[in-house]
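Chemist: starting from these lines, generate the structure:
(chains A and B)
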2 protein chains.
Amino acid sequence: MDLARHGATPAGGVNRQALSMEEIAARRTLLQWAAGLDLRAGTDDAGNFFLRMEGSEPRAAAVLTGSHIDSQPTGGKFDGAYGVLAGLECLQAFRESGVRPRRSIEVVAWMNEEGSRFAPGMMGSSVFSGARTLPEILEVRDRQGITVRSALTTMQEAFPDLPRWELQRPLHAYVEAHIEQGPLLERHRRNIGVVTGIQGKRTFEVTVTGEQAHAGTAPRAERKDALLGALRAIDALCELCRDEADLARFTVGRMDLLPNAPSVVPARATFSIDLRHPDSCVLRELGDRIQAVCEHHAEPCGVRVRELSTSMSLEFPLAARELIEASARRLGIPSMEILSCAGHDARYLHEVCMAGMIFVPCKGGISHNEAESVEPGELADGARVLAETLWTLASQA
Amino acid sequence: MDLARHGATPAGGVNRQALSMEEIAARRTLLQWAAGLDLRAGTDDAGNFFLRMEGSEPRAAAVLTGSHIDSQPTGGKFDGAYGVLAGLECLQAFRESGVRPRRSIEVVAWMNEEGSRFAPGMMGSSVFSGARTLPEILEVRDRQGITVRSALTTMQEAFPDLPRWELQRPLHAYVEAHIEQGPLLERHRRNIGVVTGIQGKRTFEVTVTGEQAHAGTAPRAERKDALLGALRAIDALCELCRDEADLARFTVGRMDLLPNAPSVVPARATFSIDLRHPDSCVLRELGDRIQAVCEHHAEPCGVRVRELSTSMSLEFPLAARELIEASARRLGIPSMEILSCAGHDARYLHEVCMAGMIFVPCKGGISHNEAESVEPGELADGARVLAETLWTLASQA
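Modeler: Next up, the predicted model:
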């Protein structure tokens, strides 16, 4: 609740976009809390923030936990922030118990997970893990024309004393706690979700080009109506993705017509495709057929399909999943396996160390929404399982 | 070409929207030309401009011709302007021939036919003819928030000496010359179209309301996707309007999604319907079924249908059509009957006096477009038929 004051909106949510003044103020609050726990703080060239509890074997690869504190423009209090604060809570508990972990434990706040100000998201974690390079992200601009480079410089100026730690440092493991952003845990009355993996996602932009014409004079037979072309293509794509098990997620969330005037037959329709499937093979196959399906059904209009991003489905290693499940069992907290349908920074950490995720329920499955809400008891259960898991990992040789 | 300098665009068209500085400058050019022909000029409370050649029986109801000089934002040189200038050309020819008509003949430039700055269009002619009242139009605002009232005041200040003539003055007849805005005259190699009538038009705004959801987490079966609801409704409406003869004109020119974000299942889709049919009965029947068809097919989404405007198809009186046809025949210019698929000011004049229209070809049927083009010989033929027709009408007892 204290962190949620940074960027608080009248409707009870937060607007705390990456590297905004509000997010910088929230970072300062984090640093103050970390100082109270005698944690060492550092950043890296990608603007990620780390808060470190030194282990008894400080040169051993650290155990990392955390998430992000940036939000959607009309976001909730818990998405991302929970993972960072649950991590801090664990370190505070270890400290107050007077114990010291063998491996160092760090809490991270990744730079720009949401991607709503600077696209694409998961910027900090992708650069930290080496999936993207620093130059690739620095020239990205927000809607005001501000580059990531200049926004990073501004943020770094606010924390001149923070040491710059290396990108791609070796890690022992990464565990991220997060709200589910879906209804399953609530529906099954389990406070802990052991995340099995993250479903893959391919995004496309489809442009259908027809011919502008007068709505009163152009006969149906002579029209090349871009909206109707797009409509037929979308209908066929829905059919392509329709599966009995209801696993494929096909969404057209955006559609823009040109000239978008009531009495003009549309000359151009541009629409987005967000395609996800837990099975990478199916995701690949469905995505690869989009171009042909659009071309066939948009006739006599022309079609251009551009793939904007591709991330295949991934499965977290069994060892991480079993560890989390065992932690929950030891604490007597009912858990269940669950697939993450949304993307998370853990996707990139999975590439460089053993990674896992812990989900807690969120009310009604509502997220990316100012109404986001979680019960304090559920948040506490998640933090307890995280603490148990971190301690086990930090004790490993 | 001289008039087209007012609001000229780099692509060879005009941007001369109603009551803009450019249109006011064009009005001044008209007044200068009228002064050179010793015409009397006047305006009315709706901002229409009249240029009058006094007849030998000045108290007899006048014969009116003309059109409009306002344009679409990316309009052509001829749409509207041709009707006004052809009228002026006729008066000049009468004057140079040393003849004087029995009834007075007036050329009118109607205020805001296009409706692109202030909606709806045909404002001046609708108020002149009593179909709309002055108060109904005065508070209409453009995108900048400027009211018709204040734009009219600005225009009137530019012409302080112009007498204010009455709205709804009695008229003997109205004849409007206009480019066809379609391909038929060109295709049939006729320079004159005797317009049989204006096809009716009903416009609607349909709002489909679904439920916003996360593109990655929400299963297909639980979604209420507003875009898919809208697409099903549009598909069914296309089917409803599909006729063998290809007479019905059904257009969805505008579609706006909310929140229109690639990874969010649309919560709301709003789309326009522009429905036209030459047969008023069919137009009424098709339009009346829209609500039910949308409701049935948009399920499980909710639907609201709002009718924005209604104008039934009209037929110009046989007397006017025969007069125009006979004028063309006397001059040896091939003509054909033709239906106006677009709306014109003549629609409103038809309510108060005998009205008719003369079409001339336009290249490729292209209009509402900076590429609009007409051959000088075709424009001259139209003006000759107009002169013949006006003279006959003005000679009637």
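Chemist: all helices for the stretch 1-150 of chain A, in order.
Modeler: For the stretch 1-150 of chain A, applying DSSP state H, counting those that start in this stretch gives helices covering A:21-36, A:81-96, A:123-128, A:134-138, A:148-158.
Chemist: TSV for the ones you listed, including mean pLDDT?
Modeler: TSV is the format used below for the helices of the stretch 1-150 of chain A (pLDDT from 0 to 100):
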stretch	mean pLDDT
helix A:21-36	96
helix A:81-96	98
helix A:123-128	98
helix A:134-138	96
helix A:148-158	95
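Chemist: of those helices, which stretch is the most buried?
Modeler: helix A:123-128 (a mean of 29; mean count of other Cβ atoms under 10 Å in any protein chain shown). Where you see a C-beta, it was placed from the backbone N, CA and C, and this is true even at glycine.
Chemist: how about CSV for the helices of the stretch 1-150 of chain A, with distance to residue B:182 added?
Modeler: Rendered in CSV, the data for these read as follows (distance: least, Cβ to Cβ, whole Å):
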stretch, distance to residue B:182
helix A:21-36, 56
helix A:81-96, 61
helix A:123-128, 53
helix A:134-138, 52
helix A:148-158, 52
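Chemist: after the helix or strand bottoming out on mean pLDDT in chain A comes which helix or strand?
Modeler: None of the helices or strands of chain A scores lower by mean pLDDT, DSSP states H and E than strand A:213-214, at a mean of 84. From strand A:213-214 onward toward the C-terminus, using DSSP states H and E, the following helix or strand is helix A:226-241.
Chemist: would you list the phi and psi of residue A:121?
Modeler: Torsion angles at residue A:121 (phi, psi; degrees, to the nearest 10) stand at phi -80, psi -170.
Chemist: test my guess that it contacts residue A:343.
Modeler: Yes. Assessed by Cβ atoms under 8 Å, residue A:121 is found in contact with residue A:343 at 7.3 Å.
Chemist: the closest residue in space to residue A:138 that isn't next to it in sequence and chain B, how far apart?
Modeler: Beyond its immediate neighbours in the sequence, the residue positioned closest to residue A:138 (Cβ to Cβ, 6 or more residues apart in numbering or on different chains) is residue A:149, lying 4.1 Å away. When distance is defined by Cβ to the nearest Cβ, to the nearest Å, residue A:149 is 25 Å away from chain B.
Chemist: my guess is residue A:149 contacts residue A:142. True?
Modeler: No. Taking contacts as Cβ under 8 Å, residue A:149 lies outside contact range of residue A:142: 11.7 Å.
Chemist: so which residues of the stretch 151-300 of chain A form strands?
Modeler: Using DSSP state E, counting those that start in this stretch, the strands found in the stretch 151-300 of chain A span residues A:171-179, A:192-198, A:200-209, A:213-214, A:249-251, A:255-258, A:264-265, A:268-277.
Chemist: quick one: low-confidence ranges for chain A?
Modeler: Residues of chain A that meet the criterion pLDDT under 70 are absent altogether.
Chemist: so what does the residue most central in space within it have for phi and psi?
Modeler: Closest to where the C-alpha atoms of chain A average out (Cα atoms, centre = their mean) is residue A:344, at 3.6 Å. Dihedral angles of residue A:344 (phi, psi; degrees, to the nearest 10) stand at phi -150, psi 160.
Chemist: report the contact partners of it.
Modeler: A:67, A:113, A:122, A:176, A:178, A:198, A:357 (Cβ atoms under 8 Å, 6 or more residues apart in numbering or on different chains).
Chemist: which of the residues you listed has the most neighbours?
Modeler: Per-residue neighbour counts (other Cβ atoms under 10 Å in any protein chain shown) across the contacts of residue A:344 peak at residue A:176, which has 31 neighbours.
Chemist: grab the nearest non-local neighbour of residue A:263.
Modeler: With sequence-adjacent residues excluded and distances taken as Cβ to Cβ, 6+ apart, residue A:263 is closest to residue A:215, at 4.4 Å.
Chemist: what sits against that neighbour?
Modeler: A:262-265, B:249, B:251, B:253, B:274, B:276.
Chemist: may I ask which two of the residues you listed are separated the most?
Modeler: A:264 and B:276 (13.3 Å; Cβ to Cβ).
Chemist: who has more neighbours out of these two?
Modeler: Between residue A:264 and residue B:276, counting by other Cβ under 10 Å, residue B:276 is the more crowded of the two (28 against 22).
Chemist: now the contacts of residue A:344 as CSV including distance to residue A:82?
Modeler: Below are those laid out as CSV (distance: Cβ to Cβ, whole Å):
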residue, distance to residue A:82
A:67, 7
A:113, 12
A:122, 17
A:176, 10
A:178, 7
A:198, 17
A:357, 12
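Chemist: for those, which one is nearest residue A:304?
Modeler: Minimum separation from residue A:304 among the contacts of residue A:344 (Cβ to Cβ) is found for residue A:122, which lies at 27.1 Å.
Chemist: quick one: the closest one and residue B:216, what's the gap?
Modeler: Distance check for residue A:122 against residue B:216: by Cβ to Cβ, to the nearest Å, it reads 14 Å.
Chemist: who touches both of those two?
Modeler: residue A:343.
Chemist: quick one: the residue nearest to residue A:263 and residue A:262, what's the gap?
Modeler: Here the distance between residue A:215 and residue A:262 works out to 8 Å (Cβ to Cβ).
Chemist: overlap of the contact sets of those two?
Modeler: With the criterion set as Cβ under 8 Å, 6+ apart, the overlap between the contacts of residue A:215 and residue A:262 is B:251, B:253, B:274.
Chemist: what about the second one, neighbour count?
Modeler: Residue B:253 is surrounded by 23 other residues when neighbours are defined as other Cβ under 10 Å.
Chemist: surely it is in contact with residue A:265?
Modeler: Yes. In this structure residue B:253 lies within contact range of residue A:265 using Cβ under 8 Å: 6.5 Å.
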